[in-house]
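> dropping a prediction and its sequence here:
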Amino acid sequence: MALSGMRGLSVFISEIRNCQNKEQERLRVDKELGNIRTRFKNEKGLTPYDKKKYVWKMLYIFMLGYDVDFGHMEAVSLISAPKYPEKQVGYLVTSCLLNENHDFLRLAINTVRNDIIGRNETFQCLALTLVGNIGGREFAESLAPDVQKLLLSSSCRPLVKKKAALCLLRLFRKNPDVVNVDGWSDLMAQLLDERNLGVLTSSMSLFVALVSNNHEAYWSCLPKCVKILERLARNQDVPQEYTYYGIPSPWLQVKTMRALQYFPTVEDPNTRRSLFEVLQRILMGTDVVKNVNKNNASHAVLFEALALVMHLDAEKEMMSQCVALLGKFIAVREPNIRYLGLENMTRMLMVTDVQDIIKRHQAQIITSLKDPDISIRRRALDLLYGMCDVSNAKDIVEELLQYLGTADFTMREELALKAAILAEKFAPDLSWYVDVILQLIDKAGDFVSDDIWFRVVQFVTNNEDLQPYAALKAREYLDKPAIHETMVKVSAYLLGEYSHLLARRPGCSPKDIFVIIHEKLPTVSTPTISILLSTYAKILMHSQPPDPELQNQIWAIFSKYETCIDAEIQQRAVEYFALSKKGAALMDILAEMPKFPERESSLIKKAEDTEADTAELSAIKLRAQQQASNALVVTDQRPANEPPQVTQLGMVKIPSVDHTSVDQELTEANGNSHEVDPQPDVLGDLLSPLAIEGPPAVVSEEDALALAPVEDQQNSVKPIGDIAERFHALCIKDSGVLYEDPNVQIGIKAEWRGHQGRLVLFLGNKTTFSLTSVQAVILPPSHLKLDLSSVPEIIPPRAQVQCPLEVINLRPSRDVAVLDFSYKFGTNLVDNKLRLPAVINKFFQPIPVSAEEFFPQWRSLAGPPLKLQEVVRGVRAMSLGEMANLLNSLRLIVCPGLDPNPSNLVATTTFYSESTRAMLCLVRIETDPADRTQLRMTVASQDPTLTFELKEYIKEQLISIPIASKPPVPQPPIATSDPGALLAGLL
């Protein structure tokens, strides 16, 4: 920006730069702001030069990070100045200081429109830049047609057309429902014939946005895109200024190929042949050079061409050429190129008939596992996992096992899971599978989940020929001086079941097996002790008639654990001790485990559920037109027409409500709502199934407001106090008791800031005994991101543990998160599903609004779906003051004096979420003094979902929810021959 002649501004900037510390800078800025405010108040003596100078100073102060809350009108007024220097500063400062919702922008719409349709190209560029930067809804409604005409005008210079295309792109992205794109197919076909590469590049950006929204309307543009690629590939009519390191306009090439990927296929044979010729030229002409900038540009074009080749399902010869080219890339020294090569080779796995070609580079891919860069190691692991099949599974799994010992700790869990899955899916024989899993447990026991050793036990149990081999391998691992506890578990189980098959081998007698297993007992945890006790009982069963010495040793162990504080261990010890005295009958009681029923591998399902949604996998699934997987399936969110599926976290059934009847009752009781086509069951209310589907049932008021008990489960421990009242109290307060029974108390302390919150769960043991098997699982709704820290399995007597819970609000919703909390006290399992008070009003920030701010916002939000109005009946009778206190407790601030009617209330608040950020919400409630049971409520905000949810939430707090009536008591049948009985029945 040219500041020549503005000495005051230059002096001010110099003084700011010469400040010794932040305090001096703040004092100088405050002094200047006071001076500017004084000069603006005396506007009559202010020349255009002075106004321009002071507005420049305001912009500089704003760039330093200080809040500039005045002078906006002066900046907007400069837009209408006739001279360029004043108009320039007006447009620049307005686009920096004002957002799309600012009221002052309406004052500038006519001036901006006049500049757009005028003849001055410089003013047109300034206006288009402002509209593109702000991109508000009102700008889109008023100026989009004028921008479109400017783009099609034959008299405009390329500079103006480029800005018009990018401005239209911004308006379409920001307000796709406002910008009318009907009939734009001919417009885009005309623009794609443009010879100027600058205009063509801007138009192609607009075209990519349009075809991503609806490609069906733009089939006529497809041949023109191919002609553009032909022109660039042959370097025909490409000016020197659009050639980047010898590559003709790489940005335009990338955008054009990106646009072609939105079309399912290229049907015309001539067009398809021309396109493949261009792609062949790109593949043949790309190589790795020393110049980094040229590499970046050429590789951007190349990888977009590879994506297009995969999308169009090209011939096998071209696919082979692509894989060969990627094979060169994964062998170079530059890490970025290696990463891109591995990433794109992983994408190529989705294409049929190229897996065998990719296998030729297996050695180089395995070498990448040892790369210093962890991102390259991850891509190599993903590629090896994807390319593995029966022919190369043995080599790949052995390499993964070898790499497991030196792999990063952040990769070991994923590495162990993938190695176990590959061994299961592609095992040449079951003995090799057992070897792999035992090696896996031995090398990375901390990162091997229980599902892995559960699965190997299932295989061994179901295959009799495998049982002696598995038992022998388990016996060999127990000879090691130090083994992981998971190895102790699987070895103890296998030897307990099948050690009798090794009885004739040296060192495998029942006594030897018992001694070597019992050596591990002092070092294992409580759950493993339970498995070892079962193993001892099995050894005793297989040694009938028993060895007296062995029998006495095992009985002594059982007697020792008969008084154990852990209920599971105590019960096993007592029962096994009693059963072991039955002699030969023990053979029938503790017989071998039966075969497991055939079922889907839990490992493969776990891998699918926990699969990371990485960028390359997202691209693969997008091009394969498959549904993207979730990072973690926490609740069973299935379509309504599918049968319920039983999963580990989806077995809880909670009574839900007949939505049809409830909706009808609320419609009849509360009047008709004015919203336009709301989404069905957008968000559950207090009567919804709490994000967990279950069989329909009628619920009472307490069951509707608190959490219903688990179906078919009766807790022997009853809660103290009303769970519903505790939940409602915590919806208003930030600390208190969520749940309490004779054994445990769960307290909550919460802090909320913007769209984030932090809850601390205080789990207190009230008894003099330990609570065991403690589990806390969060079942979150889709709009909340919850992260609960680890919960200890045991809470000592009279102790309290703290478990922080991080909450992020993604979007407006009234769904409520559920805490599945369970523990064991003695032999009793207590399981409770508790609603967490992370409700919508926790993300409100009450901010008072003046009349000057309220009424422009209220008028700008005209009609549904941004402004919804409803007549609510069945309201709890309360005075106006009580209603105001209720709204204040919900974090809505009542603004007195805004409504002239003293019987009405006006309230405001600011809602925070990751999608909406800070968004102002306005509420008006009109009451009838003669009838306090009905009112009219109007809610407005910039987000239609937020408006609907806020309206429904406030209505829930105001109305009296009717208690479901009890089912009628069945009456005995009435004899139809008795007229008196018939009459009594009718009455």
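Ah, there it is.
> which element is D451 on?
D451 belongs to helix 450-462 when assigned by DSSP states H and E.
> what's near enough to touch V76?
G90, T94, L98, F104, L105, L107, A108 (Cβ atoms under 8 Å, 6 or more residues apart in numbering). No exception for glycine: its C-beta is placed from N, CA and C like everyone else's.
> can you say which of the residues you listed are buried?
G90, T94, L98, L105, A108 (16 or more other Cβ atoms under 10 Å).
> which ones among those residues lie within helices?
G90, T94, L105, A108 (DSSP state H).
> turn those residues into CSV, including pLDDT and distance to Q124.
Conversion of these to CSV gives the following (pLDDT from 0 to 100; distance: Cβ to Cβ, whole Å):
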residue, pLDDT, distance to Q124
G90, 89, 15
T94, 87, 16
L105, 80, 19
A108, 82, 15
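> so which two of those are the farthest from each other?
G90 and L105 (12.3 Å; Cβ to Cβ).
> now Y385: which helix or strand?
Using DSSP H and E, Y385 sits in helix 374-387.
> that helix packs against which elements?
If you count contacts as 3 or more Cβ pairs under 8 Å, 6 or more residues apart in numbering; DSSP states H and E, helix 374-387 packs onto helix 335-348, helix 355-359, helix 362-368, helix 393-404, helix 409-425, helix 615-623.
> go through these and pick out the most buried.
Among the helices and strands packed on helix 374-387, helix 335-348 has the highest mean neighbour count (mean count of other Cβ atoms under 10 Å), at a mean of 22.
> elements contacting it?
Short answer (3+ Cβ pairs under 8 Å, 6+ apart): helix 335-348 packs on helix 292-312, helix 316-329, helix 362-368, helix 374-387, helix 615-623.
> looking at those, which is nearest to P522?
Among those, helix 374-387 comes nearest to P522, with 37.7 Å by Cβ to Cβ.
> show the average pLDDT along that closest one.
Across helix 374-387, the average pLDDT comes to 90.
> S153 and G736, how far apart?
66 Å (Cβ to Cβ, to the nearest Å).
> mind giving me the domain ranges of the protein?
With domains defined by automatic domain parsing, the chain comprises 449-609, 723-840, 844-958.
> can those go into CSV with extra columns for mean pLDDT?
Formatted as CSV, those follow (pLDDT from 0 to 100):
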stretch, mean pLDDT
domain 449-609, 85
domain 723-840, 87
domain 844-958, 86
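> nearest to K51, of those?
Nearest to K51, of these and by Cβ to Cβ, is domain 844-958 at 23.2 Å.
> can you give me the end-to-end span of the closest one?
Distance across domain 844-958, first residue to last, is 18 Å (Cα to Cα, to the nearest Å).
> can you list the strands that the longest strand anywhere in the chain pairs with?
Counting residues, the longest strand found in the chain (DSSP state E) is strand 917-928. Strand 917-928 has the following sheet partners, assigned by DSSP bridges: strand 904-913 (antiparallel), strand 931-940 (antiparallel).
> three-state assignment of A314?
Under DSSP: H, G, I helix; E, B strand; the rest coil, A314 falls in the coil class.
> contacting residues for it?
F276, L279 are the contacts of A314 under Cβ under 8 Å, 6+ apart.
> and for Y739?
Counting by Cβ under 8 Å, 6+ apart, Y739 has contacts P719, I723, R726, Q745, I746, F821, N832, L834.
> that one should be in a strand, yeah?
Yes: assessed by three-state DSSP, Y739 belongs to a strand.
> re earlier: now the contacts of V76 in CSV, please, with extra columns for distance to M310.
Output for those, formatted as CSV (distance: Cβ to Cβ, whole Å):
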residue, distance to M310
G90, 50
T94, 46
L98, 45
F104, 50
L105, 45
L107, 52
A108, 48
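> tell me how far the residue nearest to A423 when sequence neighbours are not counted lies from I452.
Nearest residue to A423, sequence neighbours excluded (Cβ to Cβ, 6 or more residues apart in numbering): V436, at 4.1 Å. For V436, the distance to I452 (Cβ to Cβ) stands at 10 Å.
> quick one: the closest residue to Q800 other than its chain neighbours from E725, how far?
Spatial nearest neighbour of Q800, chain neighbours left out: G764 (4.1 Å); criterion: Cβ to Cβ, 6+ apart. Per Cβ to Cβ, G764 is found 20 Å from E725.
> same deal with V397?
57 Å.
> E241: neighbour count?
A total of 9 residues lie near E241 under the criterion other Cβ atoms under 10 Å.
> now R835
23.
> is it in contact with V816, as I believe?
Yes: with contact defined as Cβ atoms under 8 Å, R835 counts as touching V816 (4.9 Å).
> in the strand or helix carrying L275, what counts as buried?
If you go by DSSP H and E, L275 is part of helix 269-284. Using 16+ other Cβ under 10 Å as the test for burial, helix 269-284 gives T271, S274, L275, F276, V278, L279, Q280, I282, L283.
> more neighbours, S153 and G736?
Applying other Cβ under 10 Å to S153 and G736 shows that G736 carries more neighbours, namely 15 against 12.
> out of the buried ones among the contacts of V76, give me the two with the largest separation.
G90 and L105 (12.3 Å).
> tell me what the host helix or strand of A165 is packed against?
In this assignment (DSSP H and E), A165 forms part of helix 158-174. If you count contacts as 3+ Cβ pairs under 8 Å, 6+ apart, helix 158-174 packs onto helix 121-134, helix 137-152, helix 197-213.
> could I get the ones you listed as JSON lines with mean pLDDT and mean neighbour count?
Shown next, in JSON lines, are those (pLDDT from 0 to 100; neighbours: other Cβ atoms under 10 Å):
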{"stretch": "helix 121-134", "mean pLDDT": "89", "mean neighbour count": "21"}
{"stretch": "helix 137-152", "mean pLDDT": "85", "mean neighbour count": "19"}
{"stretch": "helix 197-213", "mean pLDDT": "91", "mean neighbour count": "22"}
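> how far is the helix holding Y385 from where the chain is centred?
24 Å (Cα atoms, centre = their mean, to the nearest Å).
> return the alpha-carbon coordinates of it using CSV.
C-alpha atoms of helix 374-387 as CSV (Å, rounded to 0.1, in the frame of the first residue of the first chain):
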residue,chain,number,x,y,z
ILE,A,374,7.4,-42.5,11.2
SER,A,375,4.8,-41.3,8.6
ILE,A,376,6.6,-43.4,5.9
ARG,A,377,6.7,-46.4,8.3
ARG,A,378,2.9,-46.1,8.8
ARG,A,379,2.2,-45.9,5.0
ALA,A,380,4.5,-48.9,4.5
LEU,A,381,2.6,-50.8,7.1
ASP,A,382,-0.8,-49.9,5.6
LEU,A,383,0.5,-51.0,2.1
LEU,A,384,1.8,-54.3,3.4
TYR,A,385,-1.4,-55.0,5.2
GLY,A,386,-3.5,-54.2,2.0
MET,A,387,-1.3,-56.2,-0.4
